[in-house]
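A.B. asks: give me coordinates for this.
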Amino acid sequence: MTHSLRFMVFLRFTSGLISAFVFISTFAWISSVLMQNNKKELLPLLYSSVGLGIFLVSVIIGIIDDFATWEVGWISLGIFAVPFCIFSFTARPFLPCTDATDSGSKRGVYKEMPAHIKSLVIFTLIFYAAEGFSNNISATFILYNLKNLDFISDNVWEAWALVGFAGFLSPFLIRKLLKTFDFPMTLLTLQTLLSLGIIMPLIENKLFIYAGSVFFGFSFLSIPPITLGFVSSLVNEGKDKIISDFTIIFSSALFISPVLGGIITDITGHYSNSVLLAFSISMVGLLSSFFINKICRINNFQSTARRII
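C.D. replies: Numbers count the residues shown, from 1 in each chain. You can find the predicted model right below:
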């Protein structure tokens, strides 16, 4: 509601930092609970709920934007968030805890890994960081891009709603994909779709923009849960330590990427350079997924990968 730019920047920074912390820590906690109870197949549902949230918010904003000011939109979203805030406080006493007996704090966990497992974990860590960086910088600037295009500027919410809807459907389709292909090929396919979803909005055509939104939404919400599920199936000792490292790397990428993208946009004067940066980083992730695929093939990890579904 404030019209002070400095105060608004402070509020956005604070809320963004808290949102990232809540998002990452919540997923780390829920994934630990599910994995300890042999319910890995439920991991994608968490990201499906994120997709549903993106879809609902996009629709709400799209409706409000037709007859009200942006202040009304922010206030409406605040009201919309109140029930979820109440639930998060009231549900806490009934939520399960994780088992703290895992040797996750073991400092030498990586040293004790067999060489091929260590290589696989390292390439997966690089892939995960690249995925977090590229998807967040793209999500940040896709709306900035579309707002500047005359033929779609009044219906930007439709493109973002498609991202959320594709994210909502993705877990159900991913399970079928994993049953048809092994994990490495599924990961390679998803990273390819993510890269296409990042670059396609640069082609100023509605069909390419909407297709890119679907590819982006389908892949960027599906990759994290199956990646963490796969990593957890590779290691026994120090599992919590490794998952924690993945969480820290991912959250750091989420934090750094829009800042760096904003700096590049300010220096060059055009958003497309930030999108090209995101695409370049996604190529690093694609290359990493290629090496993951190769290591898995050499060491016959297909059966291990299938256990995460």
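A.B. asks: so His3, which state does it fall into?
C.D. replies: The assignment at His3 comes out as coil when based on DSSP: H, G, I helix; E, B strand; the rest coil.
A.B. asks: any idea how far Trp70 is from it?
C.D. replies: Counting by C-beta to C-beta, to the nearest Å, the separation of His3 from Trp70 is 11 Å. Where C-beta positions appear, they are placed from N, C-alpha and C, glycine not excepted.
A.B. asks: neighbour count winner among the two?
C.D. replies: Trp70 (10 against 7; other C-beta atoms under 10 Å).
A.B. asks: which residue ranges of the stretch 1-150 of the chain form helices?
C.D. replies: Taking DSSP state H, counting those that start in this stretch to define them, one finds helices in the stretch 1-150 of the chain at 5-36, 43-64, 70-90, 115-147.
A.B. asks: how about those helices in JSON lines, adding distance to Gly164 and mean pLDDT?
C.D. replies: JSON lines is the format used below for those (distance: least, C-beta to C-beta, whole Å; pLDDT from 0 to 100):
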{"stretch": "helix 5-36", "distance to Gly164": "15", "mean pLDDT": "76"}
{"stretch": "helix 43-64", "distance to Gly164": "3", "mean pLDDT": "79"}
{"stretch": "helix 70-90", "distance to Gly164": "14", "mean pLDDT": "82"}
{"stretch": "helix 115-147", "distance to Gly164": "11", "mean pLDDT": "81"}
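A.B. asks: and the helices in the stretch 201-309 of the chain?
C.D. replies: With DSSP H, counting those that start in this stretch as the criterion, the stretch 201-309 of the chain has helices spanning 206-220, 223-234, 239-268, 272-298, 302-306.
A.B. asks: and among the helices of the stretch 1-150 of the chain, the most buried is which?
C.D. replies: helix 115-147 (a mean of 21; mean count of other C-beta atoms under 10 Å).
A.B. asks: ok now it, how far from the chain's centre?
C.D. replies: 8 Å (C-alpha atoms, centre = their mean, to the nearest Å).
A.B. asks: swap in stretch 279-294?
C.D. replies: 16 Å.
A.B. asks: and of the helices of the stretch 201-309 of the chain, who's closest to Phe165?
C.D. replies: Judged by C-beta to C-beta, the one of those that comes nearest to Phe165 is helix 206-220, at 6.9 Å.
A.B. asks: which other residues reach that closest one?
C.D. replies: 51, 54, 131, 135, 138-139, 142, 146, 151-152, 158-160, 162-167, 169-170, 173, 190-191, 193-194, 196-201, 203 (C-beta atoms under 8 Å, 6 or more residues apart in numbering).
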